[in-house]
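# Build the 3D model from these lines:
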Amino acid sequence: MSAVAARAPQAAPPARSALAAPDASPGGLEPRLHAFAADRVVDLGVPLALGWVLAATGQGVGVVVAAVLGAVLVLLLALAGLLGARGTSPGLALTGLRLVRVGDLAPIGFGPALKRQAVLLLAGAPTFGIGWATLAWTAVSDPEGLRRGWHDQLADSLVVDPSPAPVAEVAPELPQQIVNLTAMRLAPPEPAPVRGRPARSGPATPAGHATPAA
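Reported below is the predicted structural model:
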């Protein structure tokens, strides 16, 4: 009885991305930058504007500081709830992006969203923007090509563009023309063109007859 060698099952190649939906693609760097700027205007610009108004109206330092910190905390919780439940924020809604969980593209939940927002908040204000630049660099240098920064990896999140990518129209490939060399060799050569003789102006004079004088 002949023994049949069983082939070992080949391992599937590692997936480059953790996207589960073919229509979703990682969010672009420029839209993410615009979304980041819009969200920072909300969670940092609004509290600072509130503090400036209170200080301009003569409120004490304690009142101003408490109001600013309270506004930061309220907006932090509000944005975390919005991101965790809906996967959106003012900046993401403005640019058409979404924040989803890696693998199933579901909302990440309140806890991971709060952790992600806290990292973004603490990375920028105390470090004068150096932390934000560091997080942006980790997103650009993501080895998987998903543009996940350290804050995304910490929250197991992914920023995606849910709009389908445009499909390029491919022109139909025409069949190549086949040249029959044998038929070309057997075909008779084309006749050479015959040069025309110049036309005479009058009838020819017979030989031996002189033209009568006028």
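# what's the single longest helix in this structure?
Secondary structure assigned by DSSP state H gives helix 61-86 as the longest helix of the chain.
# which residues touch the residue nearest to residue 156 when sequence neighbours are not counted?
Once flanking residues are discounted, residue 156 sits nearest to residue 102: 5.4 Å by CB to CB, 6 or more residues apart in numbering. Bear in mind the C-beta positions are built from the backbone N, C-alpha and C, glycine included. Residues counted as contacts of residue 102 (CB atoms under 8 Å, 6 or more residues apart in numbering) are 18, 148, 156-158.
# Could you identify the most distant pair in the residues you listed?
Greatest spatial distance among the contacts of residue 102 (CB to CB): 18 and 157, at 10.9 Å.
# roughly how far apart are residue 72 and residue 28?
29 Å (CB to CB, to the nearest Å).
# between the contacts of residue 102, which is nearest residue 80?
Looking at the contacts of residue 102 and their distance to residue 80, the nearest is residue 157, at 11.7 Å (CB to CB).
# Contacts only, for the closest one.
Residue 157 touches 99-102, 108, 112-113, 116, 148, counting by CB under 8 Å, 6+ apart.
# same thing but 10 Å
Residue 157 sits next to 83-84, 87, 99-102, 107-109, 112-113, 115-116, 148-149, 151 when contact means CB atoms under 10 Å, 6 or more residues apart in numbering.
# Of the residues you listed, which belong to strands?
99-101 (DSSP state E).
# between those, which is closest to residue 124?
For the ones in strands among the contacts of residue 157, the residue nearest residue 124 by CB to CB is residue 99; the value is 17.9 Å.
# count of neighbours near that closest one?
For residue 99, the neighbour count with other CB atoms under 10 Å is 25.
# per-residue pLDDT, it?
If you check residue 99, the pLDDT there is 97.
# roughly how far apart are it and residue 71?
23 Å.
# Now name the helix or strand holding the residue lying closest to residue 148 once chain neighbours are set aside.
Nearest residue to residue 148, sequence neighbours excluded (CB to CB, 6+ apart): residue 142, at 5.1 Å. For residue 142, there is no host helix or strand (DSSP states H and E).
# if we can go back for a sec, with respect to residue 56, which of the contacts of residue 102 is nearest?
Nearest to residue 56 among the contacts of residue 102, counting by CB to CB, is residue 157 at 38.7 Å.
# who's in contact with residue 147?
Contacts of residue 147 (CB under 10 Å, 6+ apart): 26-29, 32, 136, 138-141, 158-160.
# For it, give me the pLDDT.
Residue 147 is assigned 93 on the pLDDT scale.
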